[in-house]
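Asks: Dropping the sequence and predicted coords here.
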Amino acid sequence: MVLRGGLAVVFGLVTVFWPREQIGSPTNLNIAVTTVDVLLLAYLALHGVLVLAQGLRTQTDMRMPLLGQAVVVVPGIVFLLLADATGQLRAAIAVWAVLHGLIELWIWRTHRDERMSSDFLIVGGIHVLLGVVVLAGTEMNALSVLGFTGAAAMIAGVFSLVGGYSRRSCGRAGTVAGAEAEES
């Protein structure tokens, strides 16, 4: 989860600092659809690989939803490979974000009684909201799609980083406490 969060934060930073083309006036900026397509393809492919690795390493009941998130990346990648217009970019990201967010919400629902489960709720909500915004934004250009996706990825990435690090720290603290109890 920490690696997924790190990837999302790096992707969010890349979207902020990626060079834009000036169209007309200095306030009218854009990015080519093919450039956005390649950036989003790279992010989704890397994200899918990390989710797949996490799902394969997990031995709990969280394995199935994680593998589901890895599968959800496939339609997003296929749609992005076929995309050559802004509307197609919007559709690809909207479908991926809504499905990914719904699975995150499912993970939260099945684990909501556990400590530190709220990051799944927040990340799921962010992805569903991204999908709705991108789908509803009929006047969006490629720069807007990239910007909204990058912003959502960065916010979700921070929560994933913090949640993953907290789980790892608590797991290690529990292991150390269990070893000390056995020694006593």
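Replies: Great, that's in hand.

Asks: what sits against the nearest residue to residue 98 once chain neighbours are set aside?
Replies: Nearest-residue entry for residue 98: residue 131, 3.5 Å, with adjacent residues in sequence omitted and distances by Cβ to Cβ, 6 or more residues apart in numbering. C-beta here means a position set from N, CA and C on the backbone, and glycine is covered the same way. Going by Cβ atoms under 8 Å, 6 or more residues apart in numbering, residue 131 touches 93-98, 101.

Asks: In terms of pLDDT, where does residue 131 sit?
Replies: pLDDT recorded at residue 131 is 93.

Asks: Can you tell me the element it falls in?
Replies: Per DSSP states H and E: residue 131 is located in helix 118-136.

Asks: chain center to that helix: distance?
Replies: Centroid separation for helix 118-136 versus its chain: 9 Å, with Cα atoms, centre = their mean, to the nearest Å.

Asks: CA-only coordinates of it in CSV, if you can.
Replies: Written as CSV, here are the backbone C-alpha positions of helix 118-136 (Å, rounded to 0.1, in the frame of the first residue of the first chain):
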residue,chain,number,x,y,z
SER,A,118,-11.0,4.8,7.2
ASP,A,119,-8.3,5.4,4.6
PHE,A,120,-10.1,2.8,2.3
LEU,A,121,-13.3,4.9,2.7
ILE,A,122,-11.5,8.1,1.9
VAL,A,123,-9.5,6.7,-1.1
GLY,A,124,-12.6,5.0,-2.4
GLY,A,125,-14.6,8.2,-2.1
ILE,A,126,-11.9,10.2,-3.9
HIS,A,127,-11.9,7.7,-6.8
VAL,A,128,-15.6,7.6,-7.2
LEU,A,129,-15.7,11.4,-7.0
LEU,A,130,-13.0,11.6,-9.7
GLY,A,131,-15.0,9.3,-11.9
VAL,A,132,-18.2,11.3,-11.5
VAL,A,133,-16.4,14.7,-12.1
VAL,A,134,-14.6,13.5,-15.2
LEU,A,135,-17.7,11.8,-16.6
ALA,A,136,-19.8,14.9,-16.0
